[in-house]
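Novice: have a look at this prediction, sequence included:
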Amino acid sequence: MTGPLTLDMIAGKMKEFGNSELVRKNRIRITTTPDKVHDTIRAVQAMLGCDRLITISAVDNSRTLELIYHLTGPHRMIISIAIELERDQPAIPTSSDILPPAAIYERQIHDLFGIVFTGNPNLNRIMLNEDWPADEYPLRKDWKPGPDTFYGGIKVERT
Amino acid sequence: MTDPVSGLIYILIFPGFLFLFLYALFLAFLDRKIAARMQQRVGPPFFQPFADFIKMLGKEVIDPAGVDRVIFDAAPLVALAAVMTAYLYIPIVGNSPLAFQGDLVVVLYLMSLPTIVLFLLGWLSRNIFSAIGGIRSVTQLFIYEVPFFLALLTPALMAGTWSISEIVIWQQKNMWFVFLQPIGFIIALIGLQAKLERTPFDIPEAETEIVAGPWTELTGRRLAIMDLTVDVSFVVGSALVAAVFLGGPLMPWAVTPGWLAVVVGFFLFLAKTLAVLLILSSIKVATGRIRIDQLNDIGWKYIAGASIVQVGIVLVMNYLWVYA
Amino acid sequence: MPEVVVSIGPHHPALKEPVNFKVVVDGEKIVRLELDLSYNHRGVEKAAEQRDFIRVLPLMERVCGICSHSHSTAFAKGIEELMQLEIPPRAQYIRTIIAELERMHSHLLWLGVAAHVIGFNTLFMWTWRDREAVQDTVEEMSGNRVHYGMNEVGGVRRDLTPAQVTAALERLPNLEERIKKYVDMVSSEETMLIRFRGVGKLSKEEALKYGTVGPTARASGVDYDTRKDDPYLAYADVPWNVVTDTNGDVYGRTRVRIGELWESLKIVRYCLENLPEGSIRVTAPRNAPTGEILSRYEAPRGELAHFIRTNGTDKVERVDIRTPTLANWTSVAICLVNQNLADLPVIVAAIDPCLSCTSRITLLDKQAKKTGVMSLDELIWRNRSRDQEQVRP
């Protein structure tokens, strides 16, 4: 599908997944729920012809954790699929089986936010160093560096 | 050999070891300066290789754990001695006073010794990088040595002698071998570039951008001596090619006063070795490094093949014209 | 042969920043690749949440040295769009000029580095010398060779004097000639061709499937270029073309980058000659309204995406930066599989990583249970020797 997409066309197709709104002249945002994300992405790929994932953004808005998947295609429109997750034990099935680039972004988000992507083949540390203490997710709003915690690296003797 | 005193002066001072030392460093400087100017850089001042040599002699020698110190000290000296000895058989200002039948073979053999020494040093360094570098060095030796030898032996076939000095005399009477055997000349230059491990054949040394292959564990005076060995090999190699293909220090007509012959011969020697240097430096600057498997392909398919063709042509020419 | 995990650790002389990726090899063939990017993590995204819009722009610039203008422009234009500010056209043009000059210097740098990786030092010296012309221009305009500091929310901070414009225009014809020469060189120099052709091939489907961006994707025929897809700054006014190639290997990527050098030069010339008059900034409000925006920018290495969420204060709530190199690492992992380990530096250099890795390879010998450290080049040697044993008759 390479013609320009209109909001109505998309809203009609995506109605079962959630609300669509035009946030910018070439970006459409679909709000949906975590359990429907996988199907939404599949639908966007199949019906709207999106063949490229731009990025997966994660935001901590002090109440919930939000995840936004941005996809685009030859029609040059950006489709953003937005979901919200609970703060404690956030988990969501991975999208890397249908979108291979998602694997690396999910790994990054897991490292920094603590969202678990079930089914991702490799959720090792990618951004933080290996000896960073577990369960500390620095990009969350309620994270403060503990004064006595050792965050990895080389210990310097203070004289 | 006339008398011991002039013999000693010949060997030790001019055109012997002292001249060799200074000329080797001078050619090293020229090589770096030409490369730099072709790359639009300024390049080093003329005393740079000499300064590097002196500096490195004074640096600390580091012995890796478990390495045999005696061999590590002796091996670079052996390499240097080999190439310096090879130098004595090459006509510089006239016939070499040490010439004998078969000195061409001796020179070629002595020139291969530095590569064997590098392999030995690489193997004994107890360091996997150097071991691999040494293996690479010897692999490259296998690939280019056959064509190189053949290219340098075909002039001997045509001149009917195994002595470099007599090959030079033959060229004075007839024609320079570069015109009679152009393929051989090109192969000899390629082989020389590979022997000196310069781009595009610097696979053993520069391929690892951090570790320098068999040169890794050489420090201080050992590194200075090995560097000097490479510089001296450059002189010996270009002098050899100049003697065998470009007519050496002799002009196509005889120059009568003995001392004038020496002076003219010396300047011819300088001019011809500088010509070879110019060609080799240009090749070094104009190409990138190739991989060892690609060298394997090119070496055995094209270069060895061309050298065998050259031998065939020489045999035919011998039969038809030279010895008809 | 048992699989060996080769950890190409944080130190590699050929690249510029530290990265650790573990290459799993079987003999000399690469089986798969795993990534660890922790070494340059400075917590920029977290730090940006505590700085207001004036103080956060220099922070954004310093995310990367070579594409510094990309980050600060992407951020500034995102905030400006959230605030619904109209930037004066002169500011747009100045931003475009600096952006394209940055692209030129980055591609010239890359060309030199790619030549150096294969040992062709002459091309390395020449391209870096020509890069000095671009650096001189930028230094005249902004005072610095990298980290230009030209942007602020609302426009640019420095104007271009007519003398600077003339001086810049005078340097362009010489650069044009040199670029023509590089085009010739790359297509006919034998040693470059045999090292670049067929190495690291990525087909168009693979490039799309694995989310590749930038010249790496365009070399495989994928014609996504953010400057055309989502025009920003002055790109809609300037006549220019997207450069693609169909080769898909390192040679194709070289051609795309040289083609882009050509296009950038045309854009710079057009913008310098048609620089509109007027002011260079508008005053921006202190706070940004609540909202979110995805600001995309075509950095020299590919598409850069800044996702910005604001909450009505003078600081962002979140800026999520997705750099082009992160998107391209997956493609490196893919196109390295079944390649010779010896070509690894060439392939990694071909995506122009904005993360440098010095090579230190840790060999995990599972049977003997010992670890040895080897540099990438030694490993390459060792693998080439193994490869050579199979090649020799």
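Specialist: Cool, got the structure. Residues are numbered from 1 along each chain as shown, chains lettered A, B, ... in the order given.
Novice: distance-wise, check B:Gly237 relative to B:Tyr87.
Specialist: 10 Å (CB to CB, to the nearest Å). C-beta: built from backbone N, CA, C; applies to glycine.
Novice: which neighbours do these two have in common?
Specialist: With contacts taken as CB atoms under 8 Å, 6 or more residues apart in numbering or on different chains, not a single residue reaches both B:Gly237 and B:Tyr87.
Novice: what's near enough to touch B:Asp68?
Specialist: Per CB under 8 Å, 6+ apart, neighbours of B:Asp68: B:Leu124.
Novice: now swap in the one 3 residues further on and tell me
Specialist: Remark: with contacts taken as CB under 8 Å, 6+ apart, B:Ile71 is in contact with B:Leu120, B:Leu124.
Novice: what is the least confident helix or strand in the chain?
Specialist: In the absence of a named chain, this looks at chain A. One helix or strand of chain A scores below all others by mean pLDDT, DSSP states H and E: helix A:7-13, with a mean of 70.
Novice: hmm, I had chain B in mind actually
Specialist: helix B:203-206 (a mean of 70).
Novice: by contact count, what packs against it?
Specialist: Here helix B:203-206 touches helix B:128-159, going by 3 or more CB pairs under 8 Å, 6 or more residues apart in numbering or on different chains; DSSP states H and E.
Novice: list the buried residues in the helix it packs on.
Specialist: Within helix B:128-159, the residues that count as buried by 16 or more other CB atoms under 10 Å in any protein chain shown are B:128-141, B:143-159.
Novice: do the same with stretch C:293-308
Specialist: Those would be C:293-308, for stretch C:293-308 by 16+ other CB under 10 Å.
Novice: rewinding a little: packing partners of the least confident helix or strand of chain A?
Specialist: Packing partners of helix A:7-13 (3+ CB pairs under 8 Å, 6+ apart): strand A:19-24, strand A:27-31.
Novice: how's chain C carved up into domains?
Specialist: What automatic domain parsing lists as the domains of chain C is C:4-40+C:326-391, C:61-322.
Novice: model confidence over the last one, on average?
Specialist: Averaging pLDDT along domain C:61-322 yields 86.
Novice: ok, that domain near chain A or not?
Specialist: Yes. Counting by CB under 8 Å from any CB of the partner chain, chain A has neighbours in domain C:61-322: C:81, C:208-211, C:224, C:229-230, C:292-294, C:296, C:303, C:305, C:307, C:309, C:311, C:317-318, C:320, C:322.
Novice: so what touches stretch C:109-122?
Specialist: With CB under 8 Å, 6+ apart as the criterion, stretch C:109-122 contacts B:38-39, B:199-200, B:202, B:206-207, B:285-289, C:14, C:66, C:123-128, C:131, C:182, C:189, C:191-192, C:195-196, C:250, C:254, C:257-258, C:300, C:345-346, C:349-350, C:352.
Novice: repeat that for 7 Å
Specialist: For stretch C:109-122, contacts defined as CB atoms under 7 Å, 6 or more residues apart in numbering or on different chains pick out B:38-39, B:199, B:202, B:206, B:285-289, C:14, C:66, C:123-124, C:127-128, C:131, C:182, C:191-192, C:195, C:254, C:257, C:345-346, C:349-350, C:352.
Novice: give me the mean pLDDT for stretch A:77-94.
Specialist: Average pLDDT, stretch A:77-94: 84.
Novice: gap between the two ends of that stretch?
Specialist: 24 Å (CA to CA, to the nearest Å).
Novice: buried set for that stretch?
Specialist: Within stretch A:77-94, the residues scored as buried using 16+ other CB under 10 Å are A:Met77, A:Ile78, A:Ile79, A:Ser80, A:Ile81, A:Ala82, A:Ile83, A:Glu84, A:Leu85, A:Pro90, A:Ile92, A:Thr94.
Novice: related to what we said a few turns ago, in helices, which of the residues of domain C:61-322 next to chain A appear?
Specialist: C:Glu81, C:Leu208, C:Lys209, C:Asp229 (DSSP state H).
Novice: mind putting those in CSV, distance to A:Gly114 and neighbour count included?
Specialist: Below are those laid out as CSV (distance: CB to CB, whole Å; neighbours: other CB atoms under 10 Å in any protein chain shown):
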residue, distance to A:Gly114, neighbour count
C:Glu81, 31, 17
C:Leu208, 31, 19
C:Lys209, 28, 17
C:Asp229, 33, 19
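Novice: now, the most widely separated pair of the residues you listed?
Specialist: Across these, no pair lies farther apart than C:Glu81 and C:Lys209, at 31.0 Å, counting by CB to CB.
Novice: neighbours of the closest residue to C:Thr283 other than its chain neighbours, how many?
Specialist: Nearest residue to C:Thr283 in three dimensions, chain neighbours excluded: C:Gly154, at 6.2 Å (CB to CB, 6 or more residues apart in numbering or on different chains). Neighbours of C:Gly154 under the rule other CB atoms under 10 Å in any protein chain shown: 22.
Novice: repeat for B:Asp297
Specialist: 15.
Novice: doesn't it belong to a helix?
Specialist: Yes. Secondary structure of B:Asp297 (DSSP: H, G, I helix; E, B strand; the rest coil): part of a helix.
Novice: show me where the chain has helices.
Specialist: Unless you meant another one, I'm taking chain A. A:7-13, A:37-47, A:102-113.
Novice: hmm, I had chain C in mind actually
Specialist: So, for chain C - with DSSP H - the helices run C:44-48, C:53-61, C:68-83, C:89-117, C:121-142, C:162-188, C:190-196, C:204-209, C:214-218, C:226-229, C:250-273, C:324-336, C:344-350, C:376-391.
Novice: mind checking which of the contacts of stretch C:109-122 are buried?
Specialist: B:38-39, B:199, B:202, B:206, B:285, B:287-289, C:14, C:66, C:123-124, C:127-128, C:131, C:182, C:191-192, C:195, C:254, C:257, C:345-346, C:349-350, C:352.
Novice: pLDDT score for C:Leu363?
Specialist: pLDDT for C:Leu363: 29.
Novice: to the chain's geometric centre, what's the distance from the least confident helix or strand of chain A?
Specialist: Averaging C-alpha positions (CA atoms, centre = their mean, to the nearest Å) puts helix A:7-13 23 Å from its chain's average.
Novice: same thing with stretch C:321-335?
Specialist: Stretch C:321-335 has its C-alpha centroid displaced from the chain centroid by 11 Å (CA atoms, centre = their mean).
Novice: same deal with stretch C:84-96?
Specialist: The answer for stretch C:84-96 is 24 Å, by CA atoms, centre = their mean.
Novice: what comes up buried for that stretch?
Specialist: C:Leu85, C:Ile87, C:Pro88, C:Pro89, C:Arg90, C:Ala91, C:Gln92, C:Tyr93, C:Ile94, C:Arg95, C:Thr96.
Novice: got any ranges where chain B has weak pLDDT?
Specialist: B:1-2, B:128-129, B:206-211, B:254-256, B:322-324 (pLDDT under 70).
Novice: in it, which residue is most central in space?
Specialist: Compute the mean C-alpha point of chain B, and by CA atoms, centre = their mean the closest residue is B:Gly237, 2.5 Å away.
Novice: pretty sure that residue is in a helix, no?
Specialist: Yes. Using three-state DSSP, the secondary structure at B:Gly237 is a helix.
Novice: quick check, it in contact with B:Ala194.
Specialist: No. Assessed by CB atoms under 7 Å, B:Gly237 is found out of contact with B:Ala194, at 10.6 Å.
Novice: show me the contacts for C:Gly259.
Specialist: Contacts for C:Gly259 (CB under 7 Å, 6+ apart) come out as C:Val243.
Novice: and it, how far from chain B?
Specialist: Applying CB to the nearest CB, to the nearest Å, the value for C:Gly259 to chain B is 22 Å.
Novice: so what's the spatially closest residue to A:Arg27 that is not a sequence neighbour up against?
Specialist: In space, and not counting its chain neighbours, A:Arg27 is closest to A:Ile78: 4.3 Å by CB to CB, 6+ apart. Listed by CB under 7 Å, 6+ apart, the contact set of A:Ile78 reads A:Asn26, A:Arg27, A:Ile54, A:His70, A:Thr72, C:Leu294.
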